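Colleague: Mind looking at a prediction? Sequence and model below.
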Amino acid sequence: MKSDTQIKQDVLDELAWDPEIEATRVGVEVKDGAVTLLGSVSTYRQKFAAREAAKRIAGVRAVVDKLQIELPSQHRMSDSGLAERIAHVLNWNVSANGKDIKAEVSDGVVTLNGELEHQYERENILRNIEHVSGVANVIDLMTVKPQISATALQRDILAALRRHAVVEAEKITVVTTNSVVTLEGCVESIDEMERAERAAWAAPGVTNVISNLKVV
């Protein structure tokens, strides 16, 4: 089992390895496997990338993101200008029906509202918006419409988990209540946890995934 000191060094090395991240501006604290990211970055994309980099490290049980975003002058713009960019992303996104999503912008913070058919559409929209220059943060209030029965949902998710080679499906229990999925059990890393969560979200009609999975 890794010590907190080893985990911290691995996270620092991973941050330095990722060319998207200004690693010298990011501080790392670790306690009992929980990683806290401190400091500031110049874009929302870097904030996201730093969080994902920490999650990739073996032994990390949780990630607390306290990074601040300090937009450089060339990335700053009016809320109306940023809103136009966001509207363009939503209207021309071929992988999601973004025209049903409404975006509000205040001081560079983008709030998204509306309904989608699938979780992958939500992820696609978020992935595109995080690359937009001028975005200081994103608040996701989008929801997914329920479509199938709880029994069918549970069956499909369990089948999906068994297909994923990196997920030990036999250690995970799936409970479905209407369109809400609860995952119980143990996994070996945050990466495995997130793969299990994505598998659950991939089922059509899932409106929420409650993850009670533990990293051991």
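Modeller: In hand now; what should we look at?

Colleague: So for the helix or strand of the chain with the lowest mean pLDDT, what gets flagged as buried?
Modeller: When the helices and strands of the chain are scored by mean pLDDT, DSSP states H and E, helix 150-163 comes last with a mean of 85. Neighbour-count burial for helix 150-163, counted by 16 or more other C-beta atoms under 10 Å, picks out 150, 153, 154, 156, 157, 158, 160, 161. Quick note: C-beta positions are derived from backbone N, CA and C, even for glycine.

Colleague: Quick check: beta-bridge partners of the nearest residue to the second one once chain neighbours are set aside?
Modeller: Spatial nearest neighbour of residue 153, excluding adjacent residues (C-beta to C-beta, 6 or more residues apart in numbering): residue 176 at 4.8 Å. Taking DSSP bridges, one obtains residue 181 as the residues bridged to residue 176.

Colleague: quick one: what helix or strand has residue 184 in it?
Modeller: Here residue 184, judged by DSSP states H and E, is contained in strand 180-187.

Colleague: Just to check, residue 174 is in contact with residue 180?
Modeller: No - contact criterion C-beta atoms under 8 Å: residue 174 and residue 180 do not qualify, at 11.3 Å.

Colleague: the more surrounded of the two?
Modeller: residue 174 (23 against 15; other C-beta atoms under 10 Å).

Colleague: Mind checking the pLDDT average for stretch 102-110?
Modeller: Throughout stretch 102-110, pLDDT has a mean value of 91.

Colleague: Could you tell me the end-to-end distance of that stretch?
Modeller: Using C-alpha to C-alpha, to the nearest Å, one end of stretch 102-110 lies 10 Å from the other.

Colleague: What residues sit buried inside that stretch?
Modeller: 103, 105, 108, 109, 110.

Colleague: Out of these, which is nearest to residue 72?
Modeller: Of all the buried residues of stretch 102-110, residue 108 has the smallest distance to residue 72: 12.4 Å, by C-beta to C-beta.

Colleague: Excluding sequence neighbours, find me the nearest residue to that closest one.
Modeller: Computed as C-beta to C-beta, 6+ apart, the closest residue to residue 108 that is not its neighbour in sequence is residue 136, at 3.3 Å.

Colleague: Look up how far residue 142 lies from that neighbour.
Modeller: According to C-beta to C-beta, to the nearest Å, residue 136 stands 19 Å off from residue 142.

Colleague: residues in contact with stretch 194-213?
Modeller: Outside stretch 194-213, the residues within contact range by C-beta atoms under 8 Å, 6 or more residues apart in numbering are 55, 117-120, 123, 143-148, 153, 156-157, 160-161, 164, 166-167, 172, 174, 178-187, 193.

Colleague: Map the structural domains onto the sequence of this protein.
Modeller: Using automatic domain parsing, the domains assigned to the chain come out as 4-69, 76-144, 150-215.

Colleague: As a check, name the ranges of all helices in the protein.
Modeller: Counting by DSSP state H, the segments of the chain that form helices are 4-17, 44-55, 79-91, 119-129, 150-163, 190-201.
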